[in-house]
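S.K.: Below are the sequence and a predicted model for it; my questions follow.
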Amino acid sequence: GSENLQSGKSYNITWSSYSSVANVKIEYSTNSGVSWNVITPSVQASLGTFPWVVTNITGSSFRIRVSDADAVSPTEFINDISDNNFSVKRLDLISPVGGEFFQIGKSKQISWNIGNISTLRIDLSTDGSNFFNIAEIPGSNSTHNLLLTNPSYVSSSCYIKIYDKDNPSIVSVSPSSFTI
């Protein structure tokens, strides 16, 4: 519990298995365990891990439950639930994704999908590796009109990186370069 996950990415769910449990069922809850959604109905318990690609849902009251997939009655039900809630945040850069042309002194819109993020930071790289901050905006926005005025930004190796100000591991970067 207490982690921040990013939708669309894969995370390992881990557990310790007992010899009496052959298969486990893995579920997630978006409401602190009031109701459950199946991730997988059955996986071999001895594996001890399962890769979960987080779906495009967001919130801050997620929990994971791992239980005996073969239990037939509540008295046989062996399970473990996350100790604490965790959050799922969404951040997917839509544009620029590479090949675009930005012009110094002219505004161009950049866009993204976002969820469960308070403040978004936008960074620019003009060399493909070193990023510097160019904007900080409310997480409720899904677009930003970018106006670049510094002639030193001219480059064919530009990338945009957007990320959660409060949790920089929630990030999305242009997959290919664009030109300024």
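M.R.: Done, it's in.

S.K.: Output the helix or strand harbouring I26 as CSV - backbone C-alpha positions only.
M.R.: Here I26, judged by DSSP states H and E, is contained in strand 23-29. Output of strand 23-29 as CSV, limited to C-alpha atoms (Å, rounded to 0.1, in the frame of the first residue of the first chain):
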residue,chain,number,x,y,z
ASN,A,23,-3.8,-21.5,-7.3
VAL,A,24,-4.5,-17.9,-6.4
LYS,A,25,-7.0,-15.4,-7.7
ILE,A,26,-5.9,-11.8,-7.9
GLU,A,27,-8.2,-8.8,-7.7
TYR,A,28,-8.1,-5.1,-7.3
SER,A,29,-10.5,-2.7,-5.5
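
S.K.: quick thing: my sequence starts at 51, can you match it?
M.R.: Sure, I'll start numbering at 51, so the last one becomes strand 73-79.

S.K.: Return the list of strands paired to it, each annotated with direction.
M.R.: strand 87-94 (antiparallel), strand 109-118 (antiparallel) (DSSP bridges).

S.K.: Show the subsequent helix or strand relative to the last one.
M.R.: Next helix or strand after strand 109-118 toward the C-terminus (DSSP H and E): strand 129-131.

S.K.: Over to the first one?
M.R.: Next in sequence after strand 87-94, counting helices and strands by DSSP H and E, comes strand 99-103.

S.K.: one step back: what angle separates the strand holding I76 from strand 99-103?
M.R.: Strand 73-79 runs at 40 degrees relative to strand 99-103, counting by axes from the mean of the first three to the mean of the last three Cα atoms, to 10 degrees.

S.K.: Would you mind measuring the gap between the ends of stretch 159-173?
M.R.: 14 Å (Cα to Cα, to the nearest Å).

S.K.: Most tightly packed of the strands paired with strand 73-79?
M.R.: Ranked by mean neighbour count under mean count of other Cβ atoms under 10 Å, the strands paired with strand 73-79 are led by strand 109-118, which reaches a mean of 19. Backbone N, C-alpha and C define where each C-beta goes, glycine included.

S.K.: Now do that one: distance to the chain's middle.
M.R.: 16 Å (Cα atoms, centre = their mean, to the nearest Å).

S.K.: Other residues contacting it?
M.R.: Applying Cβ atoms under 8 Å, 6 or more residues apart in numbering, the external contacts of strand 109-118 come out as 51, 55, 63, 65, 71, 73-83, 86, 126-132, 135-138, 166.

S.K.: Can you tell me which of those residues are buried?
M.R.: Listed as buried from the contacts of strand 109-118 are 55, 63, 65, 71, 73-80, 83, 86, 132, 135-138, 166; burial here means 16 or more other Cβ atoms under 10 Å.

S.K.: and L198, what is it in contact with?
M.R.: L198 is in contact with 152, 154-155, 174, 184, 230, counting by Cβ under 8 Å, 6+ apart.
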